[in-house]
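Visitor: need a 3D model of the sequence below.
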Amino acid sequence: MIPAVLLTGVMTTMAVLPSPNDWSDRIIKALQQFGSRYPAEKVYLHLDKDYYAAGETIWFKGYVTLQGMPAVQATNLYVELLDKNNTIVQKKLIAIGNAIAPGNFELPETQKAGVYQLRAYTAWMLNFDPAFTYSRTIEIFDPSKKTQIPADSATAPDFAVQFFPEGGNLVAGQPNIVAFKAIDNNGYPIEVSGTVKNAKGDNSAVIKTLHDGMGSFEITPADAQDIFKATVKSTKGQTKTLALPAAITTGASLKVFNKGSRIFYQAVPANAGDTAFNDLAIIGQMGGQLVYKANLDVGEGRISGFIPADNLPSGILQITLFAKSGLPLAERLAFVHKDDLLPLDVLDADTHKEPRTKSSFDLRLLDSMQTSISVAVTDADAVPEDKNSNNIVSTFLLTSDIKGYVYNPSWYFRNNADSTLKGLDLVMMTNGWRRFSWEKILNNEYPQIRHPYEQGLLVKGVATMLNGRPMPTGKLDMIIRLPIDSSSMFAQENSPLTVYRT
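Guide: Numbering: from 1, shown residues only. Coordinates of the predicted model:
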């Protein structure tokens, strides 16, 4: 298994100087207040392999970050193993030290074969949308059975297609890019083809999958009554006809062209004569931090610009278009793809497949780098490749910041080829970023903090015997009730900080 390494850098915020009586300062203040009060904490578990047999041990090493940097103040990591019914099979409380938390789950010989879920989180993460907690699907098989990996559930073939107008809305009288995602009844991407017709029945666009069930096309609605319909056919011959959303005739939408070093944006007014939307603002943020702001004036033709990305780190850039009232009109995600990962080389690999023979290899890192790494070595012939490959890079930079399932997310970080970047931009168009609601934070509506940031698990006291005298020696067993979910954990004094669910 290839070692997973991620270099996280400090977010460099572009200087945005407030101007007198600038109405958009209220938006910036709300963003800064949310970012300082509710920093985003993330978790990743590096496993030793992707599939397990009953009786084996799931070894893992947890990594925890806060606002993109190692969460050195974090102390407690909760890790759960759940079955297909979301019932907790095992649960552990792992001590975090210097943002890392190694641990394991021992699978009994009687562990039922099937699909399981590994979930990891800190108490702080429970205050927010559960979609942003770490979750990973693993499969456990019965070693006595010939068919080791459980097959997908055999259900009647079906598929679904979703359409995503760029910026959020179709604009009447303007050309619009529409992205789509096609999946089967198991949630996996499929190839589709088809056509898009306007209200008159004229062919307006061709539907063709570009990568992993995703693609895009362009249409121009004449007005709000010009409803487009897409006829889509799967590779298995099934056909569906679906209506696209109606076009808007007021407000504005947003176009984004990611050029790498510069990200071009353009506001698309639905009605140029509507002076209520003459004053607009573009806000760009990454990880809750402001990185770009520009005021637009539709009346004077100032509706576009460039966001310089040279000084930004890799990650998702959320670009939002605001009206002067503070109402968010449109939103688009763009991925900043940089060559800023920690270089790691495997040198002098000497591997052997014979039983009980020694294999060795050397890893080369920067001499000046102080970091923690983990390396998992597994028999590649015995463990099949994970069909939903995810690693520390794709987790921290991509899937931990968006909603929706991303198939094989590590594929988007394989290189900087045009095909890879186009596929990554389709992921940006077909998945939403919703760590907070602009409407809520602008109205001072913030998440309810039910679980404060934990500063450690410390138990102090004196163990006494029945006669009241202090216990001289021996082992002390403790049951700890967790306020997070009212579950009970079992711990022993002077043992490693591994706490077991009872």
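
Visitor: so which strand or helix has residue 178?
Guide: strand 176-184 (DSSP states H and E).

Visitor: mind saving the C-alpha coords of that strand as PDB?
Guide: Below are the C-alpha coordinates for strand 176-184, written out as PDB (Å, rounded to 0.1, in the frame of the first residue of the first chain):
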ATOM      1  CA  ASN A 176     -26.200  28.200 -19.400                       C
ATOM      2  CA  ILE A 177     -23.900  25.400 -18.500                       C
ATOM      3  CA  VAL A 178     -25.700  22.500 -16.900                       C
ATOM      4  CA  ALA A 179     -23.700  19.700 -15.200                       C
ATOM      5  CA  PHE A 180     -25.200  16.200 -14.600                       C
ATOM      6  CA  LYS A 181     -24.500  13.100 -12.500                       C
ATOM      7  CA  ALA A 182     -25.900   9.600 -13.300                       C
ATOM      8  CA  ILE A 183     -25.800   6.800 -10.800                       C
ATOM      9  CA  ASP A 184     -27.200   3.300 -10.500                       C
END
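
Visitor: helices or strands up against that strand?
Guide: Here strand 176-184 touches strand 159-165, strand 214-219, strand 229-234, helix 418-430, going by 3 or more Cβ pairs under 8 Å, 6 or more residues apart in numbering; DSSP states H and E. All C-beta atoms are positioned from the backbone trio N, CA, C, and that covers glycine.

Visitor: if we go to 7 Å?
Guide: Judged by 3 or more Cβ pairs under 7 Å, 6 or more residues apart in numbering; DSSP states H and E, strand 176-184 is in contact with strand 159-165, strand 214-219, helix 418-430.

Visitor: that one vs strand 214-219, what angle?
Guide: 150 degrees (axes from the mean of the first three to the mean of the last three Cα atoms, to 10 degrees).

Visitor: which residues are contacting strand 176-184?
Guide: Strand 176-184 is contacted by residues 157-166, 170, 189-190, 192, 207, 209, 213-220, 244, 426, 429-430 when judged by Cβ atoms under 7 Å, 6 or more residues apart in numbering.

Visitor: and the buried ones among those, selectable in PyMOL?
Guide: Only the buried entries of the contacts of strand 176-184 go into this PyMOL selection, using 16 or more other Cβ atoms under 10 Å:
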select buried, resi 159+161+163+164+165+166+170+189+190+192+207+209+213+214+215+216+217+219+220+244+426+429+430
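
Visitor: quick one: mean pLDDT for the strand holding residue 178?
Guide: Per-residue pLDDT values over strand 176-184 give a mean of 96.

Visitor: so that it lines up with my notes, have the first residue be 571 from now on.
Guide: Sure thing, new numbering starts at 571, so read that last one as strand 746-754.

Visitor: pull the distance from it to the chain's centre.
Guide: In terms of Cα atoms, centre = their mean, to the nearest Å, the centre of strand 746-754 is found 19 Å from the chain centre.

Visitor: cool, stretch 886-897 as well?
Guide: Relative to its parent chain, stretch 886-897 has a centroid offset of 21 Å by Cα atoms, centre = their mean.

Visitor: check stretch 816-830 too.
Guide: Distance, centroid of stretch 816-830 to centroid of chain: 24 Å (Cα atoms, centre = their mean).

Visitor: return the set of buried residues in it.
Guide: 816-818, 821-826, 828.

Visitor: return the angle between stretch directions for the strand holding residue 748 and strand 799-804.
Guide: Going by the same axes, to 10 degrees, strand 746-754 makes 40 degrees with strand 799-804.

Visitor: in its sheet, what does the helix or strand following strand 746-754 sit against?
Guide: Later in the chain than strand 746-754, the nearest helix or strand by DSSP H and E is strand 762-767. Strand 762-767 pairs in its sheet with strand 773-778 (antiparallel), strand 799-804 (antiparallel), by DSSP bridges.

Visitor: for residue 939, which of those is the nearest?
Guide: Nearest of those to residue 939, taken as Cβ to Cβ: strand 773-778 at 44.5 Å.

Visitor: wait, residue 838 touches residue 823, no?
Guide: Yes: here residue 838 reaches residue 823: they are 4.6 Å apart, a contact under Cβ atoms under 7 Å.

Visitor: what touches both of those two?
Guide: Overlap of the contact sets of residue 838 and residue 823 (by Cβ under 7 Å, 6+ apart) consists of residue 741.

Visitor: out of the helices and strands packed on strand 746-754, the one nearest residue 627 is which?
Guide: Among the helices and strands packed on strand 746-754, helix 988-1000 comes nearest to residue 627, with 34.0 Å by Cβ to Cβ.

Visitor: immediately after the closest one, which helix or strand?
Guide: helix 1008-1012.

Visitor: could you export that following helix as PDB, CA atoms only?
Guide: Written as PDB, here are the backbone C-alpha positions of helix 1008-1012 (Å, rounded to 0.1, in the frame of the first residue of the first chain):
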ATOM      1  CA  TRP A1008     -25.000  32.400   4.500                       C
ATOM      2  CA  GLU A1009     -28.600  33.500   5.400                       C
ATOM      3  CA  LYS A1010     -28.200  32.200   9.000                       C
ATOM      4  CA  ILE A1011     -24.800  33.700   9.800                       C
ATOM      5  CA  LEU A1012     -25.900  37.000   8.300                       C
END
